[in-house]
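Student: how would this look folded up:
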Amino acid sequence: MLRDLSFSAVVAGFVAVLVGFTSSVAIVFAAAQALHATPGQTASWIWALGLGMGLTSLGLSLRYRMPVLTAWSTPGAALIAATQGIAMPEAIGAFLICAVLILLAGVTGLFERAMDRIPVAIASALLAGVLTRFALDAVQAAPRQPALVLGMAVAFLAGRRWWPRYAVPGVLLCGVALAAAQGQLHLGTVEWGWTTPVWTAPEFSLRSLIGIALPLFVVTMASQNLPGVAAQRASGFQIPVSPVIASTGLASLLLAPFGGYALNLAAITAAICMGREAHEDPRRRYMAAASAGVFYILLGLAGGAVAGLLAAFPRELVVGIAGLALLGTIAGGLHSALSEPDHRDAALLTFVVTLSGISWLGIGSAFWGVVAGGLALVSTLRRR
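Tutor: Below is the predicted model of the structure:
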């Protein structure tokens, strides 16, 4: 196992955690505040989520020797943040019910059977649509911080030309150096210390079942786990879906009383660990997700300190790294999506709808992209 460890894999794991945390931690904080969480409870949420993501990512990646990266449910956090009139104990009860539903979806194999019906072209288009938004964010960040973003782009192109395996580490180092030179790293505000978990006894009610538990389960499966599995398959990794989903459900069940509201497969950050930048040999890329798991565990144990440390990076640096690191995966996804003529229209429609970022009925564009592509595929087959 140690011989599979590499510097590029460790850096890919760190970049995945950096992107995953900084891009959505504000939504998690907003969710905790919507339930009137105390500062101790908010820190406990980071402890539970960090530990859950870390242990599942590390354990599953080492178990299956494939890059299996988990994440917190970002649309789930947004749903919780919009909740009104539900107390923390009721929300904890809803988290437990959602976790049981995720566990059952994995144990029964229902979710895996549904995923098996999605063609590779549509899965690849879904992945490309999800990731392209991050590349666009990097382009849009350039006018705000031209020296930082363009300097990182130059470092990326130079890395791809002369040391392709270390292109992303080069971008990270260049970005940090440029941000430090411009005085945009605020490391002096970091407060070091370990996080203390806070147990909240659950209470169960009909309004929390309808208002949180069921919608949280739906958006987590449709907007997170679905593109997560699609990302794995589009990258050539055939993970055993049912045991992995069941594992995230079990971890959520154990950590829900501490604030671990819902864990799921990652898609965007997982793509960073599954690309060539993590390692040239696909068989050794699992160490990138395992490394990310270690970083997530540290994030959980020292939640407040690590949160402050990662928050010290300017947003333009984070989106720039994400956009550049994902270019190869986006290209591969589009190539795979459009290479089959019979599936090309359906794949293109999936890509466009997913890229649009629309949300309807509380469900994100990833799900609706698959629906649109599936309908187009059925229509095409019937015409033949």
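Student: so where is the stretch 251-384 of the chain shaky, pLDDT-wise?
Tutor: 303-312, 361-364, 381-384 (pLDDT under 70).
Student: which parts of it are strands?
Tutor: 263-265 (DSSP state E, counting those that start in this stretch).
Student: so what's Arg207 up against?
Tutor: Neighbouring residues of Arg207 by C-beta atoms under 8 Å, 6 or more residues apart in numbering: Gly85, Ile86, Glu90. Yep, even glycine has a C-beta here, placed from its N, CA and C like the rest.
Student: can you do 10 Å?
Tutor: Arg207 sits next to Thr83, Gly85, Ile86, Glu90, Ala94 when contact means C-beta atoms under 10 Å, 6 or more residues apart in numbering.
Student: and the next element down the chain from the helix or strand containing it?
Tutor: According to DSSP states H and E, Arg207 maps onto helix 206-208. Going down the chain from helix 206-208, the next helix or strand is helix 214-220, by DSSP H and E.
Student: of the contacts of Arg207, just the buried ones, PyMOL syntax please.
Tutor: Those of the contacts of Arg207 that count as buried under 16 or more other C-beta atoms under 10 Å are selected in PyMOL with:
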select buried, resi 83+86+90+94
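Student: which of the contacts of Arg207 fall in helices?
Tutor: Glu90, Ala94 (DSSP state H).
Student: any chance of the contacts of Arg207 in TSV, plus pLDDT and distance to Gly293?
Tutor: Formatted as TSV, the contacts of Arg207 follow (pLDDT from 0 to 100; distance: C-beta to C-beta, whole Å):
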residue	pLDDT	distance to Gly293
Thr83	74	30
Gly85	78	37
Ile86	85	32
Glu90	93	31
Ala94	93	27
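Student: now the contacts of Arg207 as JSON lines including distance to Leu178?
Tutor: JSON lines is the format used below for the contacts of Arg207 (distance: C-beta to C-beta, whole Å):
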{"residue": "Thr83", "distance to Leu178": "40"}
{"residue": "Gly85", "distance to Leu178": "46"}
{"residue": "Ile86", "distance to Leu178": "44"}
{"residue": "Glu90", "distance to Leu178": "47"}
{"residue": "Ala94", "distance to Leu178": "44"}
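Student: greatest separation within the contacts of Arg207: which pair is it?
Tutor: Gly85 and Ala94 (13.0 Å; C-beta to C-beta).
Student: tell me which residues of the longest helix along the chain are tucked away?
Tutor: Secondary structure assigned by DSSP H gives helix 7-34 as the longest helix of the chain. Neighbour-count burial for helix 7-34, counted by 16+ other C-beta under 10 Å, picks out 8-25, 27-29, 31-32, 34.
Student: following it, which helix or strand comes up?
Tutor: Heading C-terminal from helix 7-34, the first helix or strand you meet, by DSSP H and E, is helix 39-64.
Student: tell me the mean pLDDT over that next one?
Tutor: On average, the pLDDT along helix 39-64 is 92.
Student: which elements pack onto that helix?
Tutor: If you count contacts as 3 or more C-beta pairs under 10 Å, 6 or more residues apart in numbering; DSSP states H and E, helix 39-64 packs onto helix 7-34, strand 70-72, helix 241-255, strand 263-265, helix 268-274, helix 286-301, helix 303-311.
Student: kindly recompute the last result at 6 Å.
Tutor: When contacts are defined as 3 or more C-beta pairs under 6 Å, 6 or more residues apart in numbering; DSSP states H and E, helix 39-64 sits against strand 70-72, helix 241-255, helix 286-301, helix 303-311.
Student: what pairs with the shortest one, and is each one parallel or antiparallel?
Tutor: Spelled out, it's strand 70-72. Using DSSP bridges, strand 70-72 pairs in its sheet with strand 263-265 (antiparallel).
Student: what are the buried residues along the strand it pairs with?
Tutor: Of the residues in strand 263-265, Leu263, Asn264, Leu265 count as buried by neighbour count, 16+ other C-beta under 10 Å.
Student: same deal with stretch 324-335?
Tutor: The neighbour-count criterion (16+ other C-beta under 10 Å) identifies Leu324, Ala325, Leu326, Leu327, Gly328, Thr329, Ile330, Gly332, Gly333, Leu334 as the buried residues of stretch 324-335.
Student: what's the closest of these to Gly211?
Tutor: Using C-beta to C-beta, those come closest to Gly211 at Leu326, 34.7 Å.
Student: who's in contact with that closest one?
Tutor: By C-beta atoms under 6 Å, 6 or more residues apart in numbering, the contact list for Leu326 reads Leu131, Phe134, Ala271.
Student: got phi/psi on it?
Tutor: phi -100, psi 0 (degrees, to the nearest 10).
Student: the residue nearest to it when sequence neighbours are not counted: what's it in contact with?
Tutor: Leaving aside its chain neighbours, Leu326 sits nearest to Leu131 (4.7 Å; criterion: C-beta to C-beta, 6 or more residues apart in numbering). By C-beta under 6 Å, 6+ apart, the contact set of Leu131 is Ala271, Leu326, Thr329, Ile330.
Student: in what helix or strand does Leu131 lie?
Tutor: In this structure, Leu131 is located in helix 120-141 according to DSSP H and E.
Student: send the alpha carbons of that helix over as CSV?
Tutor: Taking Å, rounded to 0.1, in the frame of the first residue of the first chain, the C-alpha atoms of helix 120-141 are listed here in CSV:
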residue,chain,number,x,y,z
VAL,A,120,-22.2,5.5,-20.1
ALA,A,121,-22.7,8.4,-22.6
ILE,A,122,-25.3,10.0,-20.3
ALA,A,123,-23.2,9.4,-17.2
SER,A,124,-20.2,11.0,-18.9
ALA,A,125,-22.2,14.0,-20.1
LEU,A,126,-23.6,14.4,-16.6
LEU,A,127,-20.0,14.4,-15.2
ALA,A,128,-18.8,16.9,-17.8
GLY,A,129,-21.8,19.2,-17.1
VAL,A,130,-21.3,19.2,-13.3
LEU,A,131,-17.6,19.9,-13.7
THR,A,132,-17.7,22.5,-16.4
ARG,A,133,-19.4,25.0,-14.1
PHE,A,134,-16.1,25.0,-12.0
ALA,A,135,-14.0,25.7,-15.1
LEU,A,136,-16.3,28.6,-15.9
ASP,A,137,-16.0,29.9,-12.4
ALA,A,138,-12.2,30.0,-12.9
VAL,A,139,-12.6,32.0,-16.1
GLN,A,140,-15.0,34.4,-14.4
ALA,A,141,-12.5,34.9,-11.5
